[in-house]
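[1] Quick one: sequence and predicted model below, then my questions.
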Amino acid sequence: MSDAHEALVVFTPSGRRGRFPVGTPVLEAARALGVDIDSVCGGRGLCGRCQVDLCEGRFAKHGVSSWPDHLSAKSDTEQAWEKRRGPLRDGRRLSCSTLLLGDAVIDVPPASQVHRQIVRKRAEVLDIALDPIVRLYYVEVQEPDMHVPASDIRRLKEALAHEWRLTGLETDIRVVQQLQQALRRGGWGVTVAVHDDRRLIAVWPGFQAQAYGLAVDVGSTTIAAHLCHLQTGEVVASTGRMNPQIRYGEDLMSRVSYIMMHPGGDQAMTRSVRDALNELTVELATEADVPLDAILEATFVGNPIMQSLVFGINPVELGGAPFALATDEAIDGLWATEMDLAIHPNARVYGLPCIAGHVGADTAGMILSESPYLGEELMLLVDVGTNAEIVLGNRHRLLACSSPTGPAFEGAQISGGQRAAAGAIERVRIDPLTLEPRFKVIGGELWSDEPGFDAAMASHGITGICGSGIIEVVAEMYLAGVITRDGIVQGGLAARSERIVADGRTFAYVLHRDATRTIAITQADIRAIQLAKAALYAGIRLLMEHFGTDRVDRIRLAGAFGAHIDVKYAMTLGLIPDCDLAHVTSAGNAAGTGARIALLSRKARREIEEVVRRVEKVETATEPRFQEHFVAAMAIPHRHDPFPQLSAHVTLPAVTEDASATARGGRRRRRQRA
């Protein structure tokens with residue numbers, strides 16, 4: 001039972017939590033927990049950089065009820081700041097001047113973070129056959145004549161038919177509303193935008209040379225967006241940020257649970273993601289010096305729950321069997337204003353089709369980008385995220401599934417874990433003789449044992465370990481003999497190395513220690529990684545089993561995580577099956593690339609809409625052999641599957657039975673004899 005004089009505070013997106021005496025400033029609590037909040041003025045309420053948001057409601061996942069009266073009323077300091085700088089956004093507070101009065105869930109927005117996440121979802125270089133669905137046409141329209149009664153729109157259409165052979169055009173009412181002023185301002189010369197050769201959607205006076213489009217990948221953790229020139233295909237700006245929905249839950253099911261427990265929760269999540277999309281759009285347009293009304297098309301991909309929320313569809317049916325989609329068709333022809341997007345009001349929006357209840361439009365984008373359906377080679381596509389989307393196949397057959405890996409690969413559920421930001425350990429090597437580590441940190445080029453490393457780290461320090469670092473350190477611990485095949489930290493090595501330390505009833509491996517923090521890999525951390533990788537591998541084995549194969553020709557790892565892990569360590573750990581390492585490569589942000597292809601090619605849209613209808617869906621939640629594959633995949637790299645091609649590059653430790661397992665087996669045999 002909690003002390004009535006203490007308050008439990010949970011910070012998102014970091015997930016860090018702790019109890020503090022009632023009356024503790026939020027900023028003080030954040031600093032005590034190592035939460036990343038910016039402050040230049042030292043908590044005096046002068047700089048305004050420490051702004052946070054209170055997340056209201058009952059959060060079953062955290063065991064917290066968070067309400068406005070659980071924080072102190074707006075202080076004189078905050079009111080003085082607002083007089084100088086303007087009002088704080090609705091619900092936002094200065095954490096230095098706000099006191100904890102009860103349990104609270106506090107969200108730290110990206111602008112208030114010192115080490116803002118590096119969203120590693122840049123546009124891949126790719127040749128795309130350009131055939132954008134929106135095209136610009138300049139025409140000179142005949143002036144009105146009292147003797148030839150014809151409306152301005154009729155004379156515009158006649159000019160388009162004569163000069164561009166565009167006939168049978170339909171017209172948005174907004175074009176009609178703007179047409180007469182545009183014609184007269186342009187001296188009877190105007191530029192129009194035509195959507196799919198069928199519909200007039202925009203008009204400008206005079207000559208308008210450029211049209212742009214947005215390609216957006218809405219992930220459960222991050223949103224990545226690319227601004228593209230529709231005529232050239234050039235990516236003129238890219239950006240990304242964390243999905244603000246993370247305040248409602250780190251994983252998808254937590255967000256669905258929030259909606260179930262809070263009427264209107266789906267609308268709140270839709271508003272939050274659309275607000276983030278508009279902020280990204282303004283950022284992109286500003287960077288590229290592009291007017292917002294020159295953005296005439298937008299394409300979206302996302303997992304089924306994210307795709308539903310972006311388009312204002314309540315996803316509660318996806319929270320339980322039979323995981324029914326509202327639609328598995330492409331979403332086509334929406335006006336931008338129907339989604340409150342800050343682009344040309346008549347711009348059109350397209351959403352790639354979802355495949356199944358747990359296999360979304362992001363997977364369709366990945367399939368479009370990698371095109372396994374065009375070749376003979378048996379290709380495995382894996383997009384590693386909070387949920388892993390997996391596709392296996394070739395031109396003869398395609399199978400897909402989703403596997404619940406959880407957020408461990410992104411740094412969550414790991415004691416020293418964090419997202420990919422400056423200060424995070426991302427590369428690790430362990431000497432098998434001394435068990436001493438060396439590592440690289442995001443934001444620096446030097447390894448930790450190289451001269452000048454400490455000076456290079458002085459600006460941001462070493463703050464934690466991100467996904468790629470977690471994969472490498474656990475794989476290196478296995479290769480160095482620090483952990484067994486079953487993931488047990490070998491406590492007996494403590495006599496040999498001070499890196500092995502007692503941690504309650506288990507042991508941990510100390511990766512880094514300085515005056516401010518210790519970053520150690522605990523037994524619980526290893527178990528979290530094992531659970532995640534076992535879920536991924538089990539999903540892959542199910543698809544291979546359904547396909548009738550025990551090998552794959554090529555593996556493509558998609559997503560920000562896949563772009564930055566060393567494939568040798570991914571295979572050593574057992575995330576993916578044995579394959580020629582030369583044929584295991586990163587696909588980058590394949591889902592986002594698929595969205596960009598769909599933005600720039602009408603043919604690609606029709607193609608992927610046809611291909612996804614042929615994909616065979618495998619539901620891991622109802623497959624009886626999933627658990628069997630999962631248990632076998634808990635071992636490193638696997639309990640049974642051989643890895644001959646990996647063994648050509650890595651010396652895998654000899655398989656020995658754990659002492660704990662032997663003891664358990666001995667007790668089991670004694671019980672059987674009894």
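    Noted; the coordinates are in hand. Numbering: from 1, shown residues only.

[2] Can you check the pLDDT for the nearest residue to Leu99 once chain neighbours are set aside?
    By the measure of Cβ to Cβ, 6 or more residues apart in numbering, the closest residue to Leu99 outside its immediate chain neighbours is Ser72, 3.9 Å from it. Where C-beta positions appear, they are placed from N, C-alpha and C, glycine not excepted. Turning to Ser72, the model gives it a pLDDT of 94.

[3] The closest residue to Leu446 other than its chain neighbours: neighbour count?
    Leaving aside its chain neighbours, Leu446 sits nearest to Phe453 (4.6 Å; criterion: Cβ to Cβ, 6+ apart). Neighbours of Phe453 under the rule other Cβ atoms under 10 Å: 18.

[4] Glu56 contacts Pro68, doesn't it?
    Yes: contact criterion Cβ atoms under 8 Å: Glu56 and Pro68 qualify, at 6.7 Å.

[5] returning to what we had before: residues contacting the residue nearest to Leu99?
    Thr98, Leu99, Leu101 (Cβ atoms under 8 Å, 6 or more residues apart in numbering).

[6] Quick check: the gap between the first one and Asp145.
    Summarising the geometry, the distance separating Thr98 from Asp145, computed by Cβ to Cβ, to the nearest Å, is 69 Å.

[7] So between those two, which is more surrounded?
    Comparing Thr98 with Asp145 by neighbour count (other Cβ under 10 Å), the higher total belongs to Thr98, at 24 against 9.

[8] if I look at the more buried one, how far off is Pro407?
    28 Å.

[9] What of Ala495?
    Ala495 is 35 Å from Pro407, by Cβ to Cβ.

[10] More neighbours: which of these two?
    Set Ala495 next to Pro407 and count neighbours by other Cβ under 10 Å: Pro407 wins out with 24 against 8.

[11] dump the residue contacts of that one.
    Pro407 is in contact with Thr221, Glu250, Asp251, Thr386, Gln413, counting by Cβ under 8 Å, 6+ apart.

[12] Val655 too?
    With contact taken as Cβ under 8 Å, 6+ apart, Val655 is in contact with Arg485.

[13] Can you classify it by secondary structure?
    Judged by DSSP: H, G, I helix; E, B strand; the rest coil, the three-state class of Val655 is coil.

[14] Now name the helix or strand holding the nearest residue to Gly406 once chain neighbours are set aside.
    Nearest non-adjacent residue to Gly406, counting by Cβ to Cβ, 6+ apart: Ala532, 5.4 Å away. Using DSSP states H and E, Ala532 sits in helix 523-547.

[15] following that helix, which helix or strand shows up next?
    Next along the chain after helix 523-547, taking DSSP H and E as the criterion, comes strand 554-558.

[16] Okay, buried residues for that next one please.
    Arg554, Ile555, Arg556, Leu557, Ala558 (16 or more other Cβ atoms under 10 Å).

[17] cool, and stretch 571-584?
    Buried residues in stretch 571-584, counting neighbours by 16+ other Cβ under 10 Å, are found at Met571, Thr572, Leu573, Gly574, Leu575, Ile576, Pro577, Asp578, Cys579, Leu581, His583, Val584.

[18] Make a markdown table out of the residues you listed and add distance to Leu94.
    Below are the buried residues of stretch 571-584 laid out as a markdown table (distance: Cβ to Cβ, whole Å):
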| residue | distance to Leu94 |
| --- | --- |
| Met571 | 48 |
| Thr572 | 47 |
| Leu573 | 43 |
| Gly574 | 47 |
| Leu575 | 43 |
| Ile576 | 47 |
| Pro577 | 52 |
| Asp578 | 54 |
| Cys579 | 53 |
| Leu581 | 51 |
| His583 | 53 |
| Val584 | 48 |
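
[19] Out of these, which is nearest to Gly18?
    Checking the buried residues of stretch 571-584 against Gly18 by Cβ to Cβ gives Leu573 as the nearest, at 31.3 Å.

[20] just checking, that closest one touches Val474?
    Yes: judged on Cβ under 8 Å, Leu573 makes contact with Val474 at a distance of 6.1 Å.

[21] any shared contact partners between these two?
    Listed contacts common to Leu573 and Val474 are Ile529, Ile636; contacts here mean Cβ under 8 Å, 6+ apart.

[22] Spit out the contact partners of Phe207.
    Here Phe207 is in contact with Tyr138, Gly189, Thr191 (criterion: Cβ under 8 Å, 6+ apart).

[23] Pick the one among those closest to Gln177.
    Thr191 (16.7 Å).

[24] ok, now how distant is the residue sitting furthest away from the middle of the chain from Glu140?
    Taking Cα atoms, centre = their mean, the residue of the chain most remote from its mean C-alpha position is His147, at 61.8 Å. As defined by Cβ to Cβ, His147 lies at a distance of 20 Å from Glu140.

[25] chain center to stretch 272-286: distance?
    In terms of Cα atoms, centre = their mean, to the nearest Å, the centre of stretch 272-286 is set 16 Å apart from its chain centre.

[26] So for it, what gets flagged as buried?
    With burial defined by 16+ other Cβ under 10 Å, the residues of stretch 272-286 counted as buried are Ser272, Val273, Arg274, Ala276, Leu277, Asn278, Glu279, Leu280, Thr281, Glu283, Leu284, Ala285.

[27] Doesn't the fifth one belong to a helix?
    Read it as Leu277. Yes: counting by three-state DSSP, Leu277 is located in a helix.

[28] That one touches Thr239, doesn't it?
    No: counting by Cβ under 8 Å, Thr239 is not a contact partner of Leu277; they are 11.2 Å apart.

[29] intersection of neighbour lists for these two?
    Ala225.

[30] can you pull the alpha-carbon coordinates of stretch 275-284 into CSV?
    Only the C-alpha atoms of stretch 275-284 are listed here, as CSV (Å, rounded to 0.1, in the frame of the first residue of the first chain):
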residue,chain,number,x,y,z
ASP,A,275,-1.6,17.8,-34.7
ALA,A,276,1.8,16.1,-35.0
LEU,A,277,1.3,15.6,-38.7
ASN,A,278,0.6,19.3,-39.2
GLU,A,279,3.6,20.3,-37.1
LEU,A,280,5.8,18.0,-39.3
THR,A,281,4.2,19.4,-42.5
VAL,A,282,5.0,23.0,-41.5
GLU,A,283,8.5,21.9,-40.5
LEU,A,284,9.0,20.3,-43.9
